[in-house]
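# no sequence for this one, just the structure:
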């Protein structure tokens, strides 16, 4: 099985995609990565979904990446005596630590950290930004506000504080328990919510102890400001446009998305564009034209992956949503303009031997009749560097480590194959030629480019490149041993 596109598809699992038949159908329709949302479902449900994914992986003999998305701290108001109240613009409204039920003039906000960080003039957004409050006076346990945008406020609605760096860790106690659970379970990626600073990423990495790669969700203005440092600390990035659109003016989100994607590409780290991509397909078998354009835009930008959330987790048409996203990707990538845009936005980086090797591999492949670039990798770094080049030809990433193959399944253009350990370059070339033929990337009369590091099985040693025939009988006996 091979994809006919380079961008990857992330599908979230949930009540609508909870059994073997559906999860297998999602993979066959085009899902490359499955997301386990730790905000929904207990550990038994998560374990069951994990087991099903691994069963599909075994049955189809293709590595599949599993992404566990941690919930992060949830900031919510308390409860109201009447269940809800209507706030009108210009009215006064108080947030405090008093445990008494709320009314039209006040409600509990059980987060002392917010009060400690607020300043006069700070904004608070309630219920996904539908209600906007501005702080007129505040102390260590209260904030007196004026209602700028009114609406219905009800029990336990979420609160966003967009213009303040909150003294809250990205990992709640629940997140710490969930992190340990999914790492022991064997997920490949951890998505970290509520990231505000690089220290949040370092904390998660210390707890993960190398058992999963860390993907930072950029969903807060503070994360956008500290993006360079967060990107450096992370293994991957998710552009969470839904939350960004709540805490920032919506018109700011598209240019921010472009900047975040381009920086992640330059760093050779996978970047996912997420949330509300095919939102209407939760209830409809077809998307809107605007949604199709949104997906296409992320693909034209060179994002590594596009993501489905409720569409595949709780919608009525999960398989249709993946199929639609797959078809949009194939159509976009067949457009000559796509190649022009991708190549115009390529970052030239030539600082190491590996940088030079992968750049040469792309240039040779595109200048001659080469069918694929085959790279041998232990950590996945070499494959990520090849993917950063965004070559026109296919990329086959070969590794003896199943965990590496799974993690690499999130990266643009990589067809990941688990192979036996290789200790000689000639053996690597023979394996690459056979793999290219077996998966339909090349025929016996074609040529491929092979990159590897000698000595083998040592991360970070990419130092050799070979143009090789796909016919083992023509592979020279003089290949480096």
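Now that the structure is in, tell me what you want to look at. Computed from a prediction, not measured in an experiment: that's the story for all the values here.
# Geometric centre of this structure: which residue is closest?
Ranked by distance to the mean C-alpha position of the chain (C-alpha atoms, centre = their mean), the top residue is residue 272 at 3.6 Å.
# tell me the mean pLDDT over the helix or strand that one falls within?
If you go by DSSP states H and E, residue 272 is part of strand 271-274. Mean pLDDT, computed over strand 271-274, is 98.
# buried set for it?
Residues of strand 271-274 classed as buried by neighbour count (16 or more other C-beta atoms under 10 Å): 271-274. Any C-beta I mention is one placed from the backbone N, CA and C, and that applies to glycine too.
# Who are the packing partners of that strand?
Secondary structure elements in contact with strand 271-274, counted by 3 or more C-beta pairs under 8 Å, 6 or more residues apart in numbering; DSSP states H and E, are strand 236-240, helix 241-247, helix 253-266, strand 305-308.
# quick one: strands adjacent to that strand?
When pairs are called by DSSP bridges, strand 271-274 turns out to pair with strand 236-240 (parallel), strand 305-308 (parallel).
# what comes into contact with the shortest one?
Judged by C-beta atoms under 8 Å, 6 or more residues apart in numbering, the contacts made with strand 305-308 from elsewhere in the structure are 7-12, 32-33, 35, 238, 270-275, 277-278, 295, 298-299, 318, 321-322, 325, 329, 410, 412.
# Okay, and which of those map to helices?
In this view, these that belong to helices under DSSP state H are 295, 298-299, 318, 321-322, 325, 329.
# Of the buried residues of strand 271-274, just say which sits nearest to residue 53.
The shortest approach to residue 53 among the buried residues of strand 271-274 belongs to residue 272, at 17.7 Å (C-beta to C-beta).
# how close does that closest one sit to residue 236?
Note on residue 272: its distance to residue 236, by C-beta to C-beta, to the nearest Å, is 7 Å.
# Common neighbours of these two, please.
Residues touching both residue 272 and residue 236 (C-beta under 8 Å, 6+ apart): 215, 304, 410.
# Ranking by neighbours, what's the top pick from those residues?
residue 304 (28 neighbours; other C-beta atoms under 10 Å).
# before we move on, back to that, same list (the shared contacts of residue 272 and residue 236) but as TSV, adding distance to residue 225.
Below are those laid out as TSV (distance: C-beta to C-beta, whole Å):
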residue	distance to residue 225
215	19
304	23
410	26
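# can I get the residues you listed in a markdown table with distance to residue 351 and pLDDT?
As requested, the shared contacts of residue 272 and residue 236 are exported to a markdown table (distance: C-beta to C-beta, whole Å; pLDDT from 0 to 100):
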| residue | distance to residue 351 | pLDDT |
| --- | --- | --- |
| 215 | 24 | 98 |
| 304 | 21 | 98 |
| 410 | 24 | 98 |
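# Which one of those residues is nearest to residue 421?
Distance ranking of those against residue 421, using C-beta to C-beta, places residue 410 first at 23.8 Å.
# Who are the contact partners of that closest one?
Neighbour list for residue 410: 8, 10, 32-33, 65, 67, 188-189, 236, 270, 272, 304-305 [criterion: C-beta under 8 Å, 6+ apart].
# try 7 Å this time
Residues in contact with residue 410, defined by C-beta atoms under 7 Å, 6 or more residues apart in numbering, are 8, 33, 65, 189, 236, 270, 304-305.
# ok, now residue 422?
Under the criterion of C-beta under 7 Å, 6+ apart, the contact list for residue 422 reads 376, 428, 431, 456.
# Of these, which pair is most distant in space?
Among the contacts of residue 422, 431 and 456 lie farthest apart (C-beta to C-beta), at 11.5 Å.
# In the stretch 251-400 of the chain, where is pLDDT below threshold?
Applying pLDDT under 70 to the stretch 251-400 of the chain picks out no residues at all.
# one more time with 90
In the predicted model of the stretch 251-400 of the chain, residues 345-354 satisfy pLDDT under 90.
# what sits up against the helix ranked longest in the chain?
When the chain is parsed with DSSP H, its longest helix is helix 43-60. Judged by C-beta under 7 Å, 6+ apart, the contacts made with helix 43-60 from elsewhere in the structure are 1, 13, 18, 20, 23-24, 27, 34, 36, 63-64, 66, 181, 185.
# mind redoing it with 8 Å?
The set of residues external to helix 43-60 that reach it, using C-beta under 8 Å, 6+ apart, is 1, 13, 18-20, 23-24, 27-28, 34, 36, 38, 41, 63-64, 66, 68, 178, 181-182, 185-187.
# what's near enough to touch residue 228?
Contacts of residue 228 were listed using C-beta under 8 Å, 6+ apart, and they are residue 263.
# for the record, mean pLDDT for the helix or strand where it lies?
Residue 228 is part of helix 227-233, with elements assigned from DSSP H and E. On average, the pLDDT along helix 227-233 is 98.
# and the gap between the closest residue to residue 203 other than its chain neighbours and residue 45?
The spatial neighbour of residue 203 that comes closest, neighbours along the chain excluded (C-beta to C-beta, 6 or more residues apart in numbering), is residue 171 at 6.2 Å. Relative to residue 45, residue 171 is positioned 21 Å away (criterion: C-beta to C-beta).
# out of those two, which sits in the busier spot?
Neighbours per residue, other C-beta under 10 Å: of residue 171 and residue 45, the larger number sits with residue 171, 22 against 15.
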